[in-house]
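1. Sharing a sequence plus its predicted fold:
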Amino acid sequence: MMEIFKYGGQEIKETPLFDTVVVGGGTAGAAAAIASAKAGNATLVIEKMNALGGTPVHGLVMPMMASHVEHNTLFYEIEEELKDRGMKTRDGYSDGLWFSGEEMAFCLEELFLKNGGKILYDAVFVDVVTAGNRIEAVLVMTSGGLLAVRGRCFVDASGDALLARAGKVPCECGDSEGKNQISSFRFEVGGINIEAYRSYCQSIHDTFCPMQAGEYFESAMVAGSGFALEPLFRRGVKDGILEEADLRYYQCFTIPGKAGSMSFNCPHIKSLECNTNAWARSEGITEGRRMIRRLVRFLQLYMPGFENAYLQREASMLGIRESWRIKGKYVLTEEDYINRARFSDGVVRGDWYIDVHSAGQGLIQKNKYEPGEYYEIPYRCMVSDVAENLIVAGRCISATFLMQASIRIQPTLIDLGQAAGEACHYSVKNGVPLNCVDGKVLRR
């Protein structure tokens, strides 16, 4: 039975005490929750949307980018769950992982629930309640009003370091000028004759996609970078169907299980240079929605294979690549990337390149690894000296702006989430604060 908790003069219902409370059920948060529950912790995940999965599910960020490292076990469990549901996850060419958003959401939910986890959907984080350097509870707004969720360990997987900032953990945002990576507003289009589209790309000697046959296909165009599709897009600008901003970045992928459908990794919303501003995010969404309509209309009129295509759905959230980052016990830097750094408390391996979608400089891609090369992410990047029972998982860990651009891909975030969930179990079992756990015990 819920007790009554007092906050700001109000009497607020209070939950039972959970071992692990995860705020944010996205890529890292869902992985943290699954790992914690699987290890035996009483685990609650708080999610503002109606499904787990975050940007892959609600932002339509699919497929996962290629990663050649050996991952922690949960990554492979998620893939097996997808395959068990009939999803063909591999294309035979790359090390990327393909899926549909709907199936990813269901798989994550099932993995969590079958391990005894509990989910609070449609709940928005409001604040933390602290006692000294510990978080005692998080306040969330629900349809029934404010609720105080008590926990022993808390995982900030909010994507925007909401818990960390509310708990006074030092954070930073953006590059040296305070500008964030460019955000995207993804969408799906149905009714595509994908083979006609593929054939057209091949006819103009577009070599971007190595998949010359089969059910998988991807396509791209970046203005001024020599892509074979650019002349057609230029025609769309000349005819007044597109605007110059629409040519900044165009990319699309087929979706397993959705014949005739593709997921579009665009448009880029260049004007959204500070995505930590709520008004700017809102304006970015409205601008992105107009851009989507222009792109779809252009494809219908000009692109072979899209004659009968239609807008199937828009993402229900922006594709935010980067916002806030904590200043943890260790700050991972681009020098660590260059040096293929190893750490005694390294809990995750990363190998994605420094991939910056810059507001001012366009696409920046640096120092790609050869397969087999990797750097390690130390546990100390996930905790701080401030909040002893808080661990951060996801894109907000302690790293420089450039280094964060390598960390932010889904396979790495799943591994970070698993490390966070296992750390919570170790903390509760051994009575050690999260920020005092020796990451060596979590190293694989």
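-> Received, thanks.

2. Listing partners with orientation, what would you give for the helix or strand hosting V45?
-> V45 is located in strand 43-46, with elements delineated by DSSP states H and E. For strand 43-46, the pairing partners within the sheet under DSSP bridges are strand 18-23 (parallel), strand 118-120 (parallel).

3. Single out the most deeply packed of these.
-> Neighbour counts (mean count of other CB atoms under 10 Å) averaged over each of the strands paired with strand 43-46 peak at strand 18-23, with a mean of 28. The way it works is simple: take the backbone N, C-alpha and C, and place the C-beta from them, glycine included.

4. what's the offset of stretch 174-191 from the middle of its chain?
-> 12 Å (CA atoms, centre = their mean, to the nearest Å).

5. State the mean pLDDT of it.
-> Average pLDDT, stretch 174-191: 94.

6. do stretch 160-167 as well
-> Mean predicted confidence for stretch 160-167 is 97.

7. mind saving the C-alpha coords of it as CSV?
-> Taking Å, rounded to 0.1, in the frame of the first residue of the first chain, the C-alpha atoms of stretch 160-167 are listed here in CSV:
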residue,chain,number,x,y,z
ASP,A,160,19.0,14.9,-21.2
ALA,A,161,20.7,14.2,-17.8
LEU,A,162,17.5,15.2,-16.0
LEU,A,163,18.1,13.4,-12.8
ALA,A,164,21.8,14.4,-12.7
ARG,A,165,21.1,18.0,-13.2
ALA,A,166,18.2,18.0,-10.6
GLY,A,167,20.6,16.3,-8.2
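
8. got a list of what L139 touches?
-> Listed by CB atoms under 8 Å, 6 or more residues apart in numbering, the contact partners of L139 are Y7, I12, F125, V126, D127, V128, V129, L146, L147, A148, V149.

9. that older thread, as PDB, could you dump the C-alpha coordinates of the strand holding V45?
-> Extracted as PDB, the C-alpha positions of strand 43-46 are listed here (Å, rounded to 0.1, in the frame of the first residue of the first chain):
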ATOM      1  CA  THR A  43      13.200  -2.700 -10.700                       C
ATOM      2  CA  LEU A  44      10.900   0.000 -11.900                       C
ATOM      3  CA  VAL A  45      11.400   1.900 -15.200                       C
ATOM      4  CA  ILE A  46       9.600   5.300 -15.600                       C
END
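
10. Can you give me the distance of V21 to N389?
-> 10 Å (CB to CB, to the nearest Å).

11. Out of the strands paired with strand 43-46, which gets nearest to P304?
-> Closest to P304 of the strands paired with strand 43-46, according to CB to CB: strand 118-120, at 44.2 Å.

12. Now F227. Nearest residue, chain neighbours left out?
-> M221 (4.3 Å; CB to CB, 6 or more residues apart in numbering).

13. From D160, how far out is that neighbour?
-> Taken as CB to CB, the span from M221 to D160 is 31 Å.

14. My guess is G53 contacts A31. True?
-> No. Judged on CB atoms under 8 Å, G53 makes no contact with A31 at a distance of 10.6 Å.

15. more neighbours, the two?
-> A31 (35 against 27; other CB atoms under 10 Å).

16. How are the strands of the stretch 101-250 of the chain distributed by residue range?
-> Using DSSP state E, counting those that start in this stretch, the strands of the stretch 101-250 of the chain run over 118-120, 124-131, 134-142, 145-156, 171-173, 183-184, 187-190, 218-221, 250-254.

17. Can you name every helix or strand that the fifth one contacts?
-> Going back to what we said before, that points to strand 171-173. Secondary-structure packing of strand 171-173 (3 or more CB pairs under 8 Å, 6 or more residues apart in numbering; DSSP states H and E): strand 324-326.

18. Just send the strands of the stretch 101-250 of the chain back as a markdown table, with distance to E47 too.
-> Shown next, in a markdown table, are the strands of the stretch 101-250 of the chain (distance: least, CB to CB, whole Å):
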| stretch | distance to E47 |
| --- | --- |
| strand 118-120 | 7 |
| strand 124-131 | 10 |
| strand 134-142 | 10 |
| strand 145-156 | 12 |
| strand 171-173 | 22 |
| strand 183-184 | 20 |
| strand 187-190 | 22 |
| strand 218-221 | 30 |
| strand 250-254 | 25 |
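
19. out of these, which comes closest to V356?
-> With CB to CB as the measure, strand 183-184 is the member of the strands of the stretch 101-250 of the chain nearest V356 (12.9 Å).

20. Contacts for the closest one, please.
-> So strand 183-184 is contacted by 249, 265-269, 272, 275, 281, 284, 288, 318-321, 357 (CB under 8 Å, 6+ apart).

21. Thank you kindly, that will do.
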